[in-house]
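Undergrad: Following is a predicted model, sequence given first.
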Amino acid sequence: GNCHCLLILISTHSIGEGGLWESRSSSRCVSIPSGMALCQNIGYDTMRMPNLLGHESPAEAVQQSASWLPLLARECHPDARIFLCSLFAPICLDRFISPCRSLCESVQDSCAPIMSCYGYPWPEILRCDQYPADHLMLPQASCRDCELEESPSSKNTLEVFCRSDFVTLSQFSLAAKFDVLKHGPLLVGQIRSRIELWLERDATCVRNMTRQHPQGGTFLVTGTVQGERLVVNKAYFWQKRDKNLVAAARKWKHYQCRS
């Protein structure tokens, strides 16, 4: 099918103690305990309690997570730690971010055979069909994608804009401001709903984008529209002192693309 580019500006903001929470009124942000060896140096330092495995206290999460350390030592999958920490120590944003099913299946395929060698089956609590699958209506990113890149020059950024189907400025929260600067073949509402669902479901992408910015921020994300599917492929941290990105955004309204 036809391939088109997309360009998105996304803001993510962590929510502090006592913030609104959609699914659990008792949910709270706590510091990742120093004793949770599984999830040290993962790019953020606060986590949601109760976590996605139902642990009610940090102490319980620490105790249960320790049993996975021997498996990580076997290096059965490069993203095993990311997958496990998205469950034991979910990032503290304004909603729970579930790992994607494809990541779970990839980790299970690589690690379950090693576990079975020691007499341990893949636990029912981690069965992969409970996590959201890729869907044609959602943006798609490899579970290792969305690593932030250095911003290109202003001229190169404008050319990226030209090759893009749409440009949006959004915040992470559903209720937050969402400006669509260019929407290409899609309607504004279609862009909004698909991007919000993608952010909600792709834990790895959100984690990679916020690794160096745990308090949140604004991110420039580019990709393509392939039929009904949005495919995300680049992400940049947006800040006012980044003269290249800011200059490109300022010039974009009156910029004449070559083709």
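TA: Nice, I can see it. As the structure is a prediction and not an experimental result, all values here were calculated from the model.
Undergrad: List the contacts of residue 154.
TA: Applying C-beta atoms under 8 Å, 6 or more residues apart in numbering to residue 154 gives the contacts 243, 244, 245, 247, 248, 251. Placement of C-beta: from N, CA and C, glycine included.
Undergrad: I'd assumed the third one was in a strand, is it?
TA: If I follow you right, that is residue 245. No. If the criterion is DSSP: H, G, I helix; E, B strand; the rest coil, then residue 245 is helix and not within a strand.
Undergrad: For it, which non-adjacent residue is spatially closest?
TA: residue 151 (5.0 Å; C-beta to C-beta, 6 or more residues apart in numbering).
Undergrad: That neighbour - how many residues pack around it?
TA: Using other C-beta atoms under 10 Å, residue 151 is surrounded by 19 other residues.
Undergrad: Begin at 373 from now on, thanks
TA: Renumbered: residue one is now 373, and that last one reads residue 523.
Undergrad: my guess is it contacts residue 608, does it?
TA: Yes. In this structure, residue 523 is within contact of residue 608 by C-beta atoms under 8 Å, at 5.0 Å.
Undergrad: what do these two both touch?
TA: With C-beta under 8 Å, 6+ apart, residue 523 and residue 608 have common neighbours 592, 614, 617.
Undergrad: Kindly tell me how buried the last one is, as a neighbour count.
TA: Residues near residue 617, counting by other C-beta under 10 Å, number 21.
Undergrad: residues in contact with it?
TA: 523, 526, 529, 592, 608, 610 are the contacts of residue 617 under C-beta under 8 Å, 6+ apart.
Undergrad: Please report how far it lies from residue 578.
TA: Relative to residue 578, residue 617 is positioned 20 Å away (C-beta to C-beta, to the nearest Å).
Undergrad: Same question for the first one.
TA: Noted for residue 592: a distance of 15 Å to residue 578, by C-beta to C-beta.
Undergrad: host element of the residue nearest to the spatial centre of the chain?
TA: Residue closest to the average C-alpha location in the chain (C-alpha atoms, centre = their mean): residue 578, at 2.0 Å. In the assignment (DSSP states H and E), residue 578 maps to helix 575-582.
Undergrad: Show the subsequent helix or strand relative to that helix.
TA: strand 588-598.
Undergrad: Partner strands of that following strand, with direction?
TA: With DSSP bridges as the test, strand 588-598 is paired with strand 375-385 (antiparallel), strand 601-610 (antiparallel).
Undergrad: Need the pLDDT of the residue nearest to residue 617.
TA: Per-residue confidence (pLDDT) for residue 523: 84.
Undergrad: and what of residue 376?
TA: Looking at residue 376, its pLDDT stands at 45.
Undergrad: Repeat that for residue 564.
TA: Reported pLDDT for residue 564: 69.
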